[in-house]
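*Asks:* sequence-free structure coming up:
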């Protein structure tokens, strides 16, 4: 039988071709070309709160804050240059600072300050005499039974801070007896201090003679002795 020999020429791949395709530029130590035409965004201008990946969201949020800070700084420098160029010119329009009052949206439920009904309610309010400065508050200050010596430091600071305040020892009197005594002595308010582990942790303020009464939690007490430059 006659043998048929076939010859297959195998082309050696070139440095620029791989299996008939053009090799990537990064394989030749060059920067790959942007064949897709995608533009890379360096500055993050939108809040990346919708990114689901936590680590990527934190990274993008840091870039967002940095870009926001740079933008605010450049705007501030630009305004400073414009103000320096204008000098003392009164005709230039000054920017109005943004506040809660001028940025609040007008609603139908908002009440006008000149409303007759509102003014009537304010005149009939039980604290109207204090706001009009026709009656000066007179406060009676006392403590819990058997207070510690540390609580008296807070009592002294309160008496220095609030005018027309008088301290009376609690002793064994009940709250009802103290309220009757304060009302007879023409006190307008009663203040009772409580403590735990020699630290003041609460304050009761009652309007005499019929209330209302409010309780305030006291924390992180710093005496006037430890306030710098006091």
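*Replies:* Thanks, I have the structure now. Because the structure is predicted, anything quoted here is derived from the model rather than measured. Numbering: from 1, shown residues only.
*Asks:* Every contact and neighbour count from this point should use C-alpha atoms.
*Replies:* Will do.
*Asks:* Now do the strands in the chain.
*Replies:* Taking DSSP state E to define them, one finds strands in the chain at 17-18, 21-22, 139-143, 165-167, 189-196, 199-207, 213-217.
*Asks:* among the ones you listed, which gets the worst mean confidence?
*Replies:* Ranked on mean pLDDT, the bottom entry among those is strand 17-18, at a mean of 50.
*Asks:* so which of the strands of the chain is the most packed in?
*Replies:* With neighbours defined as mean count of other Cα atoms under 10 Å, the strands of the chain peak in mean count at strand 139-143, which reaches a mean of 23.
*Asks:* ok, how many other residues are close to the spatially closest residue to residue 209 that is not a sequence neighbour?
*Replies:* Take residue 209 and drop its neighbours on the chain: the residue closest to it by Cα to Cα, 6 or more residues apart in numbering is residue 183, 5.9 Å away. Other residues lying near residue 183 total 17 when counted by other Cα atoms under 10 Å.
*Asks:* In JSON lines: the strands of the chain, plus distance to residue 118.
*Replies:* Output for the strands of the chain, formatted as JSON lines (distance: least, Cα to Cα, whole Å):
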{"stretch": "strand 17-18", "distance to residue 118": "86"}
{"stretch": "strand 21-22", "distance to residue 118": "82"}
{"stretch": "strand 139-143", "distance to residue 118": "29"}
{"stretch": "strand 165-167", "distance to residue 118": "32"}
{"stretch": "strand 189-196", "distance to residue 118": "26"}
{"stretch": "strand 199-207", "distance to residue 118": "23"}
{"stretch": "strand 213-217", "distance to residue 118": "25"}
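*Asks:* Select, out of those strands, the one closest to residue 98.
*Replies:* Closest to residue 98 of the strands of the chain is strand 213-217 (Cα to Cα; 32.6 Å).
*Asks:* In terms of pLDDT, where does the residue nearest the centre of the chain sit?
*Replies:* The centre of the chain sits closest to residue 100, judged by Cα atoms, centre = their mean, with a distance of 13.5 Å. We note a pLDDT of 86 for residue 100 in this prediction.
*Asks:* still on that earlier bit, I'd say the residue nearest to residue 209 and residue 210 touch.
*Replies:* No: Residue 183 is not in contact with residue 210 according to Cα atoms under 8 Å; the separation is 9.7 Å.
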